[in-house]
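Colleague: Give me the fold of what follows.
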Amino acid sequence: MDRYDVIVIGGGIVGTAVLDRLARYELRALLVEKCDDVASFTTRANSGIVHAGYDCEPGTLKAKFNVLGNPLVWKEAEELDVPHLKCGSIVAAGEDGVSGLEELEKKAKANGVEVRLLSREETLGIEPNVADRISCSLYAPTAGVVSPYQMAIAYADRAILNGAKILLEAPVTAIKRSEGKYTICTPKGDFETSVVINCAGAHGAEINDLAGAEHFETTYRRGDYFVLDNTERKNVNTVIFPLPTAAGKGILVAPTADGNVIYGPTAVDTDDCEDTASTLDSLDALKKSVPLTYKRPAFNKCIRVYSGLRTLIEHDFVIGRSKIKDNFIMTIGICSPGLTSAPAIADEILSLTLESINAEKKKDYIINMPRHLRLKELSDEEIERLARSDSRWGRIVCRCEKVTEAEIIAAINSPLPATTVDAVKRRVRAGMGRCQGGFCGPRVIEILSRELNIPISEVKKGLGASIAPFRVKEVD
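Modeller: This is a model prediction of the structure:
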């Protein structure tokens with residue numbers, strides 16, 4: 001049986017950030033993830049908003065970690081070379097919403113967050129396309145957007161380079177405790193550890209139950225989105241929120257870090273932790289809500305709809321040690337603003353871990369990751385130089401997002417390799433453009449088949465999802 005000092009369960013944004021911190025210490029650390037890649041469930045569908053922290057209830061864990069996490073996200077996105085944009089955000093309101101903005105301003109002051117109340121004219125100076133009914137707004141300059149899945153993948157890559165291990169397609173089936181140690185059971189083997197860190201997202205309460213730790217009632221809330229073509233990016237400068245409600249921060253209009261625009265999310269309560277299917281009712285709700293804050297909705301430029309799931313446990317994050325099980329640490333119920341809070345939560349979990357295990361910080365560890373070469377960010381001279389030295393830089397596979405064969409091969413050979421079509425998509429965006437993989441999909445499959453030395457019939461879209469199980473015209 002393999003033995004570790006710490007095992008992290010769950011490979012979303014929080015789990016990968018925690019592993020990244022642990023890897024800086026002389027610890028044998030392992031992350032186990034049930035999917036075939038990190039960032040494959042909740043983090044995959046995150047809106048990517050880096051929240052300023054003005055709307056969190058003062059004194060809550062959400063407020064604490066949001067405010068601490070905001071500057072860390074900007075700093076670490078630079079270190080990790082993850083697409084990000086500190087564009088600020090506004091909460092847009094009509095005449096009937098002035099008191100609501102003033103309440104948010106009070107929360108912002110209590111949380112130590114910089115905000116400004118703006119008139120309509122001042123709002124138009126920041127965001128010219130707010131709806132005609134908008135008379136004022138609350139501006140937060142420290143907000144913005146980041147690529148959520150690329151952030152998690154980059155944390156995982158850095159953790160691996162610093163000595164941590166990640167095991168994919170390894171759902172936890174049992175957790176046993178004996179003689180001060182935990183045994184984590186998975187279909188890929190059993191692993192012993194001194195400390196367990198539960199970052200299992202939508203399945204966090206289940207992991208607690210398997211370990212015999214505190215039981216939490218869990219509810220879920222589905223959020224649906226429209227993704228617009230990158231031609232719409234010129235019309236949106238900042239993140240546009242409506243006044244928040246009890247259901248959440250509301251349906252926003254926002255740029256993405258990669259150049260698209262999104263509308264969403266809805267807030268549909270569900271009992272199903274796998275419920276990520278968008279419905280016509282939800283999409284109709286988006287169509288009715290977006291024009292309330294934004295006067296140029298362009299649903300005809302939609303290239304994709306998708307939905308994600310938020311996990312709700314009580315009214316706050318659950319972060320800390322179990323009071324029932326020794327050396328069992330919980331980070332569950334991490335809904336919004338979980339992405340922004342992730343690096344600060346990771347720092348907290350590291351501190352709790354070091355209380356249980358005496359470990360020295362490594363003398364040498366990687367902080368600044370190698371820069372990614374992205375064709376669409378290179379000059380003509382740089383492209384020509386690269387193509388002369390490696391012809392794969394001259395072969396564009398994804399025309400919509402301008403992704404070359406060289407970038408796809410780099411993703412397949414990254415520290416946490418991309419071994420499926422979706423994993424390639426999350427790393428280099430091949431298939432995320434206007435045609436949604438209609439043109440580049442077959443070529444990506446061919447490249448994966450060649451580089452992984454497997455038949456095309458074995459190339460997967462994602463976990464357990466075959467794309468081409470056999471040829472249309474079989475030849476003996």
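
Colleague: Okay, Glu26 and Val6: tell me how far apart.
Modeller: Glu26 sits 12 Å away from Val6, taking C-beta to C-beta, to the nearest Å as the criterion. For every residue, glycine as well, the C-beta is placed using N, CA and C.

Colleague: How about Ser147?
Modeller: Separation of Ser147 from Val6 (C-beta to C-beta): 27 Å.

Colleague: Neighbour count: these two, which is higher?
Modeller: Ranked by neighbour count (other C-beta atoms under 10 Å), Ser147 and Val6 place Val6 first, with 27 against 22.

Colleague: now the more buried one, which residues is it bridged with?
Modeller: The partner list for Val6 in beta bridges (DSSP bridges) reads Ala29, Val195.

Colleague: I am assuming it contacts Glu192, so please confirm or correct that.
Modeller: No - Val6 lies out of contact with Glu192 (C-beta atoms under 8 Å); the separation is 11.4 Å.

Colleague: quick one: low-confidence ranges for the stretch 351-476 of the chain?
Modeller: Low-confidence segments of the stretch 351-476 of the chain (pLDDT under 70): 473-476.

Colleague: Need the pLDDT of Asp275.
Modeller: On pLDDT, Asp275 comes in at 83.

Colleague: Count the neighbours of the closest residue in space to it that isn't next to it in sequence for me.
Modeller: By the measure of C-beta to C-beta, 6 or more residues apart in numbering, the closest residue to Asp275 outside its immediate chain neighbours is Arg222, 5.5 Å from it. By other C-beta under 10 Å, the residues close to Arg222 number 22.

Colleague: Next, Arg222: secondary structure please.
Modeller: strand (DSSP: H, G, I helix; E, B strand; the rest coil).

Colleague: Show me what it is bridged to.
Modeller: Val268, Leu309.

Colleague: distance of it from Val268?
Modeller: From Arg222 across to Val268, the span is 4 Å (C-beta to C-beta).

Colleague: Overlap in contacts, the two.
Modeller: Here Arg222 and Val268 have Ser282 as joint contacts, going by C-beta atoms under 8 Å, 6 or more residues apart in numbering.

Colleague: Around Leu354, count how many other residues there are.
Modeller: Leu354 has 17 neighbouring residues, counting by other C-beta under 10 Å.

Colleague: That one contacts Tyr25, correct?
Modeller: Yes - counting by C-beta under 8 Å, Tyr25 is a contact partner of Leu354 at 7.3 Å.

Colleague: where along the stretch 51-200 of the chain do the strands fall?
Modeller: Under the criterion DSSP state E, counting those that start in this stretch, the stretch 51-200 of the chain carries strands at the ranges 84-85, 89-93, 116-119, 136-140, 144-146, 165-167, 174-178, 181-186, 189-198.

Colleague: Tell me which of those strands sits nearest to Val459.
Modeller: Val459 sits nearest to strand 165-167 of all the strands of the stretch 51-200 of the chain, at 21.0 Å, using C-beta to C-beta.

Colleague: Can you name the residues in contact with that closest one?
Modeller: For strand 165-167, contacts defined as C-beta under 8 Å, 6+ apart pick out 4, 11, 19, 29-33, 38, 156, 159-160, 186, 188, 416.

Colleague: Alright, I will stop here.
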